[in-house]
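Q: I'll drop the sequence and a predicted model, then ask my questions.
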Amino acid sequence: MRFFLFLGFFLFLGTVPAVYAPGLQAAGKSTGLPLPRFVSLRAGEVNLRTGPGVQYPVDWVFLRQNLPVEIIAEYGTWRKIRDWQGTQGWVHQSMVAGTRTLIITGDTRTIRRKADAKSGPVAKIEAGAIGKLVSCPDLNGWCRVEADGKKGWLRRVDFWGVLRNEVME
């Protein structure tokens, strides 16, 4: 059994409705919701199984509440998820929430006042930190985010947690 531990901070985050680009995703057979889609881990400890059921062995354990994950398949009450590093497995639907979060990738990033690289900084956010994804109103490359009480804009390429052609209000 492998264990996976993320260090860093997390925030309580609310749900944000998403609008998906037409024709981009297939619908999940269990829920009818688009696939793939982003959600977050509901609990601070989530078992990742090799198949959709408790009879399958635990292959990985996530120890970070609010971590963004991508649902890539559904089977009854089970969801196949993928994390930002490509790890995949099955979790029960009760272990994920519709809350939209993001994880900072690469280096420390700057949250900006406006959706413009020349706009003034609001805050710096370290790689691996989790924040709230507020909206991605168009495909201009910027999304509105919130982290540690600071609100502003980040480029899509600075984090993981939104589909490439996704627009969310």
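A: Sure, I can see it.

Q: the strand ranked longest in the chain packs against which elements?
A: Scanning the chain for the longest strand, with DSSP state E as the assignment, gives strand 68-75. Packed against strand 68-75 by the contact rule (3 or more Cβ pairs under 8 Å, 6 or more residues apart in numbering; DSSP states H and E) you find strand 34-35, strand 37-41, strand 78-82, strand 101-104. C-beta coordinates here come from the backbone N, C-alpha and C atoms, glycine included.

Q: how is this protein carved up into domains?
A: Structural domains of the chain, as assigned by automatic domain parsing, span the residue ranges 26-98, 102-160.

Q: what is the end-to-end distance of the last one?
A: Domain 102-160 stretches 6 Å from its first residue to its last (Cα to Cα, to the nearest Å).

Q: do the same with stretch 35-45
A: The first and final residues of stretch 35-45 sit 24 Å from each other (Cα to Cα).

Q: and that stretch, what's buried?
A: 35, 36, 37, 38, 39, 40, 41, 42, 43 (16 or more other Cβ atoms under 10 Å).

Q: any idea of the mean pLDDT in that stretch?
A: Model confidence over stretch 35-45 averages 97 on the pLDDT scale.

Q: what sits up against it?
A: Outside of stretch 35-45, the residues that reach it under the criterion Cβ atoms under 8 Å, 6 or more residues apart in numbering are 13, 18, 20, 25-28, 61-74, 79, 81-82, 94-101, 133, 161-163.

Q: please redo it, this time with the cut-off set to 6 Å
A: For stretch 35-45, the surrounding residues in contact (Cβ atoms under 6 Å, 6 or more residues apart in numbering) are 25-26, 28, 62-63, 65-68, 70-72, 95-99, 101, 161.

Q: any stretches of this protein with poor pLDDT?
A: Flagging of the chain using pLDDT under 70 yields the residue ranges 1-25.
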